[in-house]
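*Asks:* Just to be clear, the model below is a prediction. Sequence and coordinates:
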Amino acid sequence: MAGRYAPIGEYGVIGDLHTVALVGMDGSIDFLCLPHFDSPSVFAALVDAERGGRFQIAPVLEGATRKQLYLPDTNVLLTRFLADDGVAEVSDFMPVEDAGQAHNLVRRAKTVRGEVRFQMRCEPRFDYARTTHTAERRSDTEMLFRGRSGNGELILRLRSSVPMRLDNGAAVADFTLAADTSAWFVLEVVLAHEPSPSAQPDYPSESFKQTVNFWRRWVAHNTYRGRWREMVNRSALTLKLLTSRQHGSIVAAPTFGLPETIGGGRNWDYRYAWIRDSSFTLYGLMRLGYTQEAGAFMRWITARCRELEPDGSLQIMYGLDGRHSLPEEILPHLEGYLGSGPVRVGNAAFANLQLDIYGELLDSVYLYDKYGSPIGYDTWTDIARLTDWVCANWRRPDESIWEVRGGRQEFLYSRVMCWVAIDRAIRLATKRSFPAPLARWHEVRDTIYQDVFTRFWDPTRQAFMQHVGATTLDAAALLMPLVRFVSPTDPRWISTLRAIERDLVSDSLVYRYRLTDHFSDGLTGQEGTFSMCSFWYVECLSRMGDLQQARFFFEKMLGYANHLGLYGEEMGPQAQHLGNFPQAFTHLALISAAYDLDRRLSAAGHPD
């Protein structure tokens, strides 16, 4: 089975700010949902090599070495094949609206040296490969695919510059290119009453230029000028790819069903907007000077605050368009990546209680008000209502940041973030002179503070525990000094950090928690290390002044990125990327750690 699935880390991503495609080093697009991130898949060979569907363009070059790279400062991907008989290249990109109509995938095959034969196979599988489709040959160079997608119909058009034929519902082509010649293919979503952009003879070349220019203009707005700029820029470009241009929301990751453990059942759908992930991402983009994206997300979150539950609470996550219900279902006909079933779409965690989201949200609103644009009266009214809800509910057990399914607990991280929520609301009200019950908010905030230092502190282990009554540690505690709950040099924090290092840190890699007799998350299978926790650890070391160790671990973590600078959610036993890919939270944590560490190194007079 291993030969049928490429490692998750061997994929690059392209996108149009509406959806993302994963492109393998064999020239195969093995994952794409159209027309939106959370639409049903059209290509999903990544979660079922036989049934999922793929779109592959590859040269016939025996023993070819494969390389993949982005054109600098863009999300235009090149896959190269180097062999004694020739050198070939496949270019992939998705134009954004600025470069013409979105929802198009443009692929170009080119021979750089020699004379190379190519094979193309476009084999869509509509509606998560649950339904059949019709394929129509309109001409030698135009094919139409029609199929069901969710509750509607999806029509795809494939145009090419070389002859194609139909083979059992797939479009195929076999062609040979001499040196310095190329062939192109455009897969586009057919929109009613809209012209077909690929009908223009110069569309591939013009959209290529405009797409490259779009991304380079966007990167030019980045205000970061510090160390590791190339990795920071790649993380920023990745976060931008995961942002919905239509709605302003941000997906946690563009994929579903990729396992956290090979053969295990921890296979979730991350194509939705978590309040937590989105809030941290807003913080990261603002640090780099991307106030336009921050403003678009604030408009999205403000709309969610107008749709509070009757008791004044928020959901932990929403659809990109703001819809509330995200029912989870299993796709039993898909075998899963390397047989890791079940494959799920939708996410039942939308109904979880995770009290930490209020802290992350209020922190991002506070920072946006400070560095972006001052919030208005209606937004403040919603914020005050949310804060009152936190004041009334902060003692409740919940599922917390890791969305455990082993029962609710009074988790340390949720308690700390409830303090953050009320603290930032107090700061906002004070700074902007907003009306607020400040005496009550101060009292609750200080009560939470005392609660953390008494009920979560284990005097024997000299550390803050994962939850009340626990003897286990949690890497989410690494955020305590980052959100300014505790000083990074407080003796209690330093002893907690040392305990985390003993229990959860392996070299520069960090586990989020350990599954033991004393703690179960209610799920089967083991876990790898969480890459975002590793970057939190680096930032903790940086803030406490251990700059050389922080830099050492940070630069080691950069070495765990894939060949393009991308990270998944976890690292497995062989340091392979696992989980949905790429993950926004990991790239945000990288940006935050780089920003803090670079600033402190420069202030301390360290050379580049």
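*Replies:* Sure thing, it's come through.
*Asks:* what's the neighbour count on His324?
*Replies:* The tally of other residues near His324 (other C-beta atoms under 10 Å) stands at 13. In short, each C-beta sits where N, CA and C put it, glycine included.
*Asks:* I'd like to know how far it sits from Ser313.
*Replies:* Distance, His324 to Ser313, by C-beta to C-beta, to the nearest Å: 12 Å.
*Asks:* Val390 too?
*Replies:* With distances taken as C-beta to C-beta, Val390 is found 9 Å from Ser313.
*Asks:* list the buried ones in stretch 222-235?
*Replies:* Within stretch 222-235, the residues that count as buried by 16 or more other C-beta atoms under 10 Å are Asn222, Tyr224, Arg227, Trp228, Met231, Val232, Asn233, Arg234, Ser235.
*Asks:* Give me the residues contacting it.
*Replies:* Contacts of stretch 222-235 from elsewhere in the structure, counted by C-beta atoms under 8 Å, 6 or more residues apart in numbering, are 70, 73, 219, 236, 287-290, 554-555, 558, 561, 564-566, 587-588, 590-591, 594-595, 597-599, 601-602, 608.
*Asks:* Repeat that for stretch 501-520.
*Replies:* Outside stretch 501-520, the residues that touch it by C-beta under 8 Å, 6+ apart are 402, 406, 466, 470-476, 478, 500, 521, 526-530, 533-534, 536-538, 552-554, 556-557, 560, 571, 575.
*Asks:* PyMOL command for the buried members of the residues you listed?
*Replies:* Applying 16+ other C-beta under 10 Å to these, the buried members can be selected in PyMOL as follows:
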select buried, resi 402+466+470+472+473+474+475+476+478+500+521+527+528+529+530+533+534+536+537+538+553+554+557+560+571
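*Asks:* So which of the contacts of stretch 501-520 sit within helices?
*Replies:* Applying DSSP state H to these, the entries found in helices are Ile500, Cys533, Ser534, Trp536, Tyr537, Val538, Phe552, Phe553, Phe554, Lys556, Met557.
*Asks:* List the contacts of the fifth one.
*Replies:* Read it as Tyr537. Listed by C-beta under 8 Å, 6+ apart, the contact partners of Tyr537 are Ala475, Leu478, Ile500, Val505, Ser508, Val510, Phe553.
*Asks:* And for the third one?
*Replies:* The neighbourhood of Ser534, defined by C-beta under 8 Å, 6+ apart, consists of Ser508, Leu509, Val510, Phe553, Met557, Ala589.
*Asks:* Find me the pLDDT at it, would you?
*Replies:* Taken from the predicted model, the pLDDT recorded for Ser534 is 97.
*Asks:* Quick check: phi and psi on the residue nearest to it when sequence neighbours are not counted?
*Replies:* Residue nearest to Ser534 in three dimensions, not counting chain neighbours: Val510, with 4.7 Å by C-beta to C-beta, 6 or more residues apart in numbering. With angles defined as degrees, to the nearest 10, Val510 sits at phi -130, psi 130.
*Asks:* Repeat that for Tyr377.
*Replies:* Reported as degrees, to the nearest 10, the phi and psi values for Tyr377 are phi -60, psi -50.
*Asks:* how deep is it tucked in, by neighbour count?
*Replies:* With other C-beta under 10 Å as criterion, Tyr377 counts 8.
*Asks:* mind starting the numbering at 388 from now?
*Replies:* With the count now opening at 388, the last piece we talked about shows up as Tyr764.
*Asks:* and it, what does it touch?
*Replies:* When contacts are counted by C-beta under 8 Å, 6+ apart, Tyr764 touches no other residue.
*Asks:* Quick check: it vs Thr689, distance?
*Replies:* Here the criterion is C-beta to C-beta. By it, Tyr764 lies 12 Å from Thr689.
*Asks:* Val791 now?
*Replies:* 30 Å.
*Asks:* Which parts of the stretch 688-837 of the chain are helices?
*Replies:* If DSSP state H, counting those that start in this stretch is used as the criterion, the helices of the stretch 688-837 of the chain fall at 743-758, 764-780, 799-819, 825-842.
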